[in-house]
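**Q** sharing a model that was predicted from the sequence below.
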Amino acid sequence: MRASDFDFELPADRIAHQPARPREAARLLHIAAKLTDLHIRDLVDLLRPGDMLVSNDTRVIPAQLTARRGEARIGITLDRPTADGGWHALVRNARRMRVGDTLVFDADLQATVRVRGDDGSAILAFNLEGAAFEAALRRAGALALPPYIDRPDGPTAQDAADYQTMFAAHDGAVAAPTAGLHFTSALLAALSARGVGHATVTLHVGAGTFLPMRTEVVSDHRMHPERGVITQTTADAINARTGRLVAVGTTSLRLLESAVDKAGHIQPFNGETAIFITPGHKITSADLLLTNFHLPRSTLFMLVCAFAGQDRMQAAYAHAIASGYRFYSYGDACLLERA
């Protein structure tokens, strides 16, 4: 497979720069044997008693930072926490930085460079942890909004609310699990009244999600690892459901596929995953996938093609573009039936 097999033309005016308000007013394309134009609120009718939603409860952090090393300014994007308490980061002007250097972000927040990679990455050890670190990030950092969202003056205070799901509970994501942005407490209550269950898993979406594929041959691409957790309690609840499993977002699906065994049961998970789901990968964890519309030639468009079929997804995207659906993080969504 080649990246060009997953290309398509997207008019610039199809890219959403603001979310729908209210959130459940976003459009929803149901992709099954036929295509049906709906809205997010119609999930209450599409899902059945006994079905279970699995959403990602990671919380987006202000991961975009500027550090000083002497007179040099260095751009840092936090990528993912490491098992030993440090942070893997992507670095601009990395050549100005050496192992052992101290990076100063503000009067309170500093980091020591533990490792500097040849690929513009680094592992940093911060001087603060826990609540103190989170508070310092809020002072010194900014949201790392996707580059296709037009914010010439940087993220706004409204973005801080819009770019966070109602499920957010565990700090660590650079990017939002955007399918979850469509949910509200009212929608979740209506689904619960319908008999639809809900469970959460945690996958901290890393900075690698913003990076384009740089290889034409798909199998040459390597995914950036991301840290995920599925507790025993959550795994048991998922396995005990009586209906279909509905993954809310590609991040939830990637973690579920990393934790599913040969019998189709979800096992507890605590570690990193770099799973790359492309056509030919047999998905056994989820029956349906709720997700936004993704970039051409992206690993996420490859994932949805693996889930629902490449011909079906290319036809669905052509329909969405012609019908004025809004694309990407703040855009509309689709509900995919597994091929």
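**A** Received it, and whenever you're ready, just let me know what you need.

**Q** what about this protein, any weak spots by pLDDT?
**A** 210 (pLDDT under 70).

**Q** for the longest helix that it contains, buried residues please.
**A** Criterion DSSP state H: the longest helix present in the chain is helix 310-322. Within helix 310-322, the residues scored as buried using 16 or more other C-beta atoms under 10 Å are 310, 312, 313, 314, 316, 317, 320, 321. The C-beta positions use only the backbone N, C-alpha and C, and glycine is treated the same way.

**Q** so who does the fourth one touch?
**A** Translated: residue 314. Residue 314 makes contact with 8, 305 under the criterion C-beta atoms under 8 Å, 6 or more residues apart in numbering.

**Q** do the second one as well
**A** Contacts were defined as C-beta under 8 Å, 6+ apart; by that measure residue 312 touches 31, 339.

**Q** where do the strands sit along the stretch 101-250 of the chain?
**A** 102-104, 110-116, 121-126, 170-173, 197-203, 226-230, 245-248 (DSSP state E, counting those that start in this stretch).

**Q** can you list the strands that the biggest strand by length in the chain pairs with?
**A** Looking across the chain with DSSP state E, the single longest strand is strand 72-81. Strand 72-81 pairs in its sheet with strand 64-69 (antiparallel), strand 87-92 (antiparallel), by DSSP bridges.

**Q** could you export the first one as CSV, CA atoms only?
**A** These are the backbone C-alpha positions of strand 64-69, laid out as CSV (Å, rounded to 0.1, in the frame of the first residue of the first chain):
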residue,chain,number,x,y,z
GLN,A,64,3.3,24.1,24.0
LEU,A,65,6.2,25.7,25.8
THR,A,66,9.0,28.1,25.2
ALA,A,67,12.2,27.6,27.1
ARG,A,68,15.4,29.6,27.5
ARG,A,69,18.9,28.1,27.7
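
**Q** in it, which residues are buried?
**A** 64, 65, 67, 69.

**Q** tabulate those (a markdown table), appending distance to residue 258.
**A** Listed next are the buried residues of strand 64-69 as a markdown table, based on distance: C-beta to C-beta, whole Å:
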| residue | distance to residue 258 |
| --- | --- |
| 64 | 27 |
| 65 | 29 |
| 67 | 33 |
| 69 | 37 |
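
**Q** next, format the strands paired with strand 72-81 as JSON lines and append distance to residue 290.
**A** Formatted as JSON lines, the strands paired with strand 72-81 follow (distance: least, C-beta to C-beta, whole Å):
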{"stretch": "strand 64-69", "distance to residue 290": "28"}
{"stretch": "strand 87-92", "distance to residue 290": "29"}
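
**Q** gap between residue 161 and residue 81?
**A** With distances taken as C-beta to C-beta, to the nearest Å, residue 161 is found 24 Å from residue 81.
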